[in-house]
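K.L.:
this one's sequence-less:
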């Protein structure tokens, strides 16, 4: 738990505070010096995109220096194409079923809605949300945090704790419960495969689909709102069956790893003393 909390602290510091504030300040100084005026929207957009990339780079550098990437600590076990495909189908079903749950949570405030408006105005922002962000989050939350928790707690407890952390650290109240549910699936996949690769693919699919919805259906909060009546019922039943079948197929193809064995990655244990 100590190592997990340490990673969380640096993640929050780099991505949520240090990088955005620094680059918003730099842009403010530049704007005042060149135009003798200050537009609030400009530094917000600038810090959101540039700050996110720099913050992610700082986080990856920290994990690199602490040895998380040595000897394939995050991706030890090869993952077959079939397993990745199963995970993607599982993600499709999870996205739909989570969307149904979100319909009943529309009373929860969305505090970061304008943040995505800024990010999605450019390709750099879209790639940040749909690709770079998911990869870095999987490295942090599954490759570092979930791995550390699996070494200390039972799989069920480790998965639930990591999913709760994943949900809370989205900060936005409207995203906490959906992120928690997705975090359970991602952490379970990581637990069974010992690889962040399928987790990254699932996370990218989820975020890319969210970007597609926001760009093409800005007035629609959830994809399930695009259907009603019989069509909605049929798709929901299909998604439930798909999720259950993919879950069983995935579970059959991937045997659980004994994460409590110290020989798995002694290097990670040594990180707590660094």
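P.N.:
In hand now; what should we look at? The structure presented is a predicted model; accordingly, all values stated were derived computationally and were not measured.
K.L.:
for residue 172, grab phi and psi.
P.N.:
Backbone dihedrals for residue 172, given as degrees, to the nearest 10, come out at phi -60, psi 120.
K.L.:
count of residues packed around it?
P.N.:
If you count neighbours by other C-beta atoms under 10 Å, residue 172 ends up with 16. C-betas here are computed from N, CA, C, even on glycine.
K.L.:
next one: it from residue 108, what distance?
P.N.:
When distance is defined by C-beta to C-beta, to the nearest Å, residue 172 is 9 Å away from residue 108.
K.L.:
run through who's touching stretch 169-177.
P.N.:
For stretch 169-177, the surrounding residues in contact (C-beta atoms under 8 Å, 6 or more residues apart in numbering) are 8, 11-12, 16, 101-102, 105, 108-112, 141, 167-168, 179.
K.L.:
tell me the one among those residues nearest to residue 188.
P.N.:
Using C-beta to C-beta, residue 141 comes nearest to residue 188 of these, at 13.0 Å.
K.L.:
contacting residues for that closest one?
P.N.:
For residue 141, the residues meeting the contact criterion (C-beta under 8 Å, 6+ apart) are 162, 165, 166, 169, 183, 186, 187.
K.L.:
mind running it again at 7 Å?
P.N.:
For residue 141, the residues meeting the contact criterion (C-beta atoms under 7 Å, 6 or more residues apart in numbering) are 162, 166.
K.L.:
pLDDT wise, what is it at?
P.N.:
Confidence per residue is given as pLDDT, and for residue 141 that number is 92.
K.L.:
how about residue 2?
P.N.:
You'll see residue 2 listed with a pLDDT of 70.
K.L.:
next, count neighbours for it.
P.N.:
For residue 2, the neighbour count with other C-beta under 10 Å is 9.
K.L.:
how close does it sit to residue 148?
P.N.:
Distance of residue 2 to residue 148, given as C-beta to C-beta: 8 Å.
K.L.:
with residue 126 instead?
P.N.:
Using C-beta to C-beta, one gets 32 Å for the distance from residue 126 to residue 148.
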